[in-house]
Each structure stands twice: as C-alpha cells, then as structure tokens.
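Engineer: Let's see this in three dimensions:
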Amino acid sequence: MPEHSRLRRAYDGVIWLVLDQWFLIALGIVIAIASQVQVADSQLQLKQTVVTYLCVAIIFFITGCTLPTQVLLDNYSRWKVHLFVQVQCFLMTSAVIFGIVSACATNRNFMDAGLLIGLIFTGCVPTTISSNIVMTRKAHGNDALTVVQSTIGNFLGPFLTPPLVQMYISTHAWYTEFLPHASGGYAEIYRRVFKQLGLSVFLPMVVGQVVRYFFPKATRKVFIEWKLNKLGSFSLLVIIWQTFDQAFGAGAFASVKDSNLVFIVFISIAYFLIWLGVCLLLSIPWLPKEDTVAVAYCVPAKTPAMGVPLSNLMFVGLTSLQQSKIQIPMVIFQGLQIAMSSMLTVAFRKWIHSGKQKDEESLSEDHDRDSNLTTNRK
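Structural biologist: All right, here's what the predicted structure looks like:
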C-alpha cells in the first residue's frame, strides 16, 4: 500500500474518532476548566438552580419531542424489566461496594473513613437521568426504556437510599465512628427531589410530547434533520461541569491523600465493569439488544445529584471537610462512568447493527429460497 494511502487512512480514522467521541474530548475539557476556575461563592446557588432545572429540562424536552407517546407507554407497562433493573441498581450495586469497603477497612491506615462512607453512598444511590438518555440514544439503544428506568429509579431513591445506607453502616465498623446519628428528617429531601423531578423531568417531557403531537413534521425537521437533539449532549456537559466546579471549589480533592484518590479512580473503574458485566450477563438471554443496551447504561450509573444532598441531610453536624470527603467517590465516579459510557457507544452500535444485518441477510435468504421453490414448482 502506498505511503500516501496509509497516511490518508490514518487521517480519516483520527477524524472519525474525534467526531464520534467529541463528547469524551469535551468532557476532559470541562473538567480541566472546573479544576482551574470556579464560580464565586455568591453565585453558587444561582448556578446550581439553573443547571439542575434548565439543563435537565432541555434534555427531557428533546426526549419528549423525539419519542413516540405509545413507545413510552409500552415501556412503562413492562413491570418485569422495571423489577429486574431496580433490584440491580439498588441491591446488587450496593452489595458489591459494601464488599469492597469491608475489604479496604481491614487496614485502618489504608483508606480515609470519609471516602469509605462515600463509596457506600455511591452504591446505594439510584441511576442518573441525563447521561443515561444521551448515551443510550448515541448507542442506538432503547432510549424510551432508559427514560422509564431513570425516572422510576429517581422516584424510588429518596425512599430506598437512606435505609440501605443505614443498613450498611449499622455494622459499627471503625470508619463509621466519625458519623453523627442519622437525623431521620427526610421531608426536605423528598420535597426537593420530587419538585426537581416534576419541574425538570416530567413537565418538560409532557410539553415535548404535546409539541410532537401537534407539530410532528416540524419537530422531526428541527430535532432530526437539523440535529438540534445534540443540544442534549451540550446540556449534559454543563451538568458535569457544575458537579466538578462544586467539588473543586469546596477543596474536596485537596483534602485527601493522592494515593487514596488514585485508588478511588481504579476501584471505580473496577466496580463499573463488574456491574456492567453482571447486567449484560443477565440481560442478553432474555432481552432484545436495544433493551440490553438501555439496561447496561442504567444499572452501572449513579447520580451524585441525589447522593450529595442525602449525605448532608442524613448526617447533620459534619464539617464541610468531612462532607467533601464523602462526596469525592460520587463525583469521581460520575466523570469516569460518563467517559466509559461514551467509549462503549461504539461497541454497542456495532453489536446492534450486526444483529440487524444478520436478520436482513436471513430474510433475504428465506425470500430467495421461497422464490426458487416457486420457480421449481412452475
């Protein structure tokens, strides 16, 4: 092969990779920006409100405009899949992490106690909402099923996460000694979570469905042909920036040893792959490929948007430094899960399309066979 042709193929490959994984590159950029420049303390509340409501609302408005209503209703009625996904999201993930924490806790000098509690919180919180939908759509999976599972999980989270965390820390291990007694007053977290779900998830999705019903051609032209649905990916980048901006601004990463941070990174990758492997192994035998991809994005994902305020409300009286340490594993895992999820979109797309191609070839062979039989009879 001529040298020019090899260089051209390499150049085309790099361009394709950059265009396909632009989100991963942008993710690194926004985290780097958050590490260097943070929003002023006086603007933190405004930033959090705008990002939490506006950016999530944009994602779900686009989802409502692009998903057929009947498809959503059909997926909400699949109770077996709901049970299958939520049991893994809450019980399987938390059990795996508790095993890891128990192993780490055998040496008191190995890990900071706050980080161990943060790991437990990571395993007990529900799946995230925004990134699941963006990644499932990018991987050509069943994004309607992802919407359903994400909303159900975040509805159950305020009720299931506190008792799960309390169950795991009731062992009275040494790393729980710094914790005050759980306050037990969850009325505020319920109010906040359900207000957020209503205003940023359900209402925008309903409005999107209404817009789709009355203006089907216009919505298809704007969001599909003009590719304005990419706005959901940009909104997700803003959400990620907000999380890391808050973590760096609070000095969370500077409060623990570098060796502990390195361990959190590697162990986060490990249990993400464990959760992913388990849910794929259990899903493939009975679910279609598009549904399997949706489950693979819902089960391993975790939302610090619920874990962070829950950790503050469950243990009133912790110093800001102790709170930051508990939140570190959740924040690190969010960045890693989105990075790995973005890379998985390539493999999932090829897997889904290979199945469709085989089905098309099989149908073509059946058609040819039927044609030959008809000809022979004549």
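
Engineer: where in the chain is pLDDT low?
Structural biologist: 1-3, 181-186, 188-189, 355-378 (pLDDT under 70).

Engineer: next one: stretch 74-83 to chain centre, how far?
Structural biologist: Stretch 74-83 has its C-alpha centroid displaced from the chain centroid by 19 Å (Cα atoms, centre = their mean, to the nearest Å).

Engineer: can you pull the buried residues of that stretch?
Structural biologist: 75, 81-82 (16 or more other Cβ atoms under 10 Å). The way it works is simple: take the backbone N, C-alpha and C, and place the C-beta from them, glycine included.

Engineer: What of stretch 313-332?
Structural biologist: 313-315, 318, 322-332.

Engineer: related to what we said a few turns ago, would you list the buried residues of stretch 74-83 in CSV and tack on distance to residue 110 and secondary structure?
Structural biologist: Formatted as CSV, these follow (distance: Cβ to Cβ, whole Å; DSSP: H, G, I helix; E, B strand; the rest coil):
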residue, distance to residue 110, secondary structure
75, 44, helix
81, 39, helix
82, 38, helix
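
Engineer: Sitting in strands, which of the buried residues of stretch 313-332 do you find?
Structural biologist: If you go by DSSP state E, those have nothing in strands.

Engineer: which one of the buried residues of stretch 74-83 is nearest residue 221?
Structural biologist: Nearest to residue 221, judged by Cβ to Cβ, of the buried residues of stretch 74-83 is residue 75 at 25.5 Å.

Engineer: Residue 145 is in contact with that closest one, correct?
Structural biologist: Yes. Residue 75 lies in contact with residue 145 (Cβ atoms under 8 Å); the separation is 4.8 Å.

Engineer: Need the residues touching each of these two.
Structural biologist: residue 81 (Cβ atoms under 8 Å, 6 or more residues apart in numbering).

Engineer: rewinding a little: among the buried residues of stretch 313-332, which ones are in helices?
Structural biologist: With helices taken from DSSP state H, the overlap with the buried residues of stretch 313-332 comprises 313-314, 322-332.

Engineer: Spatially nearest residue to residue 208 (excluding sequence neighbours)?
Structural biologist: Once flanking residues are discounted, residue 208 sits nearest to residue 64: 2.0 Å by Cβ to Cβ, 6 or more residues apart in numbering.

Engineer: what about that neighbour, which helix or strand?
Structural biologist: helix 56-66 (DSSP states H and E).

Engineer: Please apply the same query to residue 86.
Structural biologist: helix 79-87.

Engineer: Residues contacting that helix, please?
Structural biologist: 75, 145, 148-149, 152-153, 156, 282-283, 287, 291, 295, 298-299.

Engineer: same thing with stretch 7-27?
Structural biologist: Against stretch 7-27 from outside (Cβ under 8 Å, 6+ apart): 134, 138, 233, 236-237, 240, 335, 338-339, 342-343, 345-346.

Engineer: Can you show me the strands along the stretch 1-150 of the chain?
Structural biologist: With DSSP state E, counting those that start in this stretch as the criterion, the stretch 1-150 of the chain has no strands.

Engineer: Can you tell me which of the contacts of helix 79-87 is closest to residue 265?
Structural biologist: Of these, the one sitting nearest to residue 265 (Cβ to Cβ) turns out to be residue 299, at 20.6 Å.

Engineer: That closest one: neighbouring residues, count only.
Structural biologist: If you count neighbours by other Cβ atoms under 10 Å, residue 299 ends up with 27.

Engineer: end-to-end on stretch 72-87?
Structural biologist: This stretch, stretch 72-87, spans 21 Å end to end (Cα to Cα, to the nearest Å).

Engineer: How far off centre is that stretch?
Structural biologist: 18 Å.

Engineer: Same check on stretch 248-260?
Structural biologist: The mean C-alpha position of stretch 248-260 is separated from the chain mean by 23 Å, Cα atoms, centre = their mean.

Engineer: Buried ones in it, by neighbour count?
Structural biologist: Those would be 248-250, 252-253, 255-256, 260, for stretch 248-260 by 16+ other Cβ under 10 Å.
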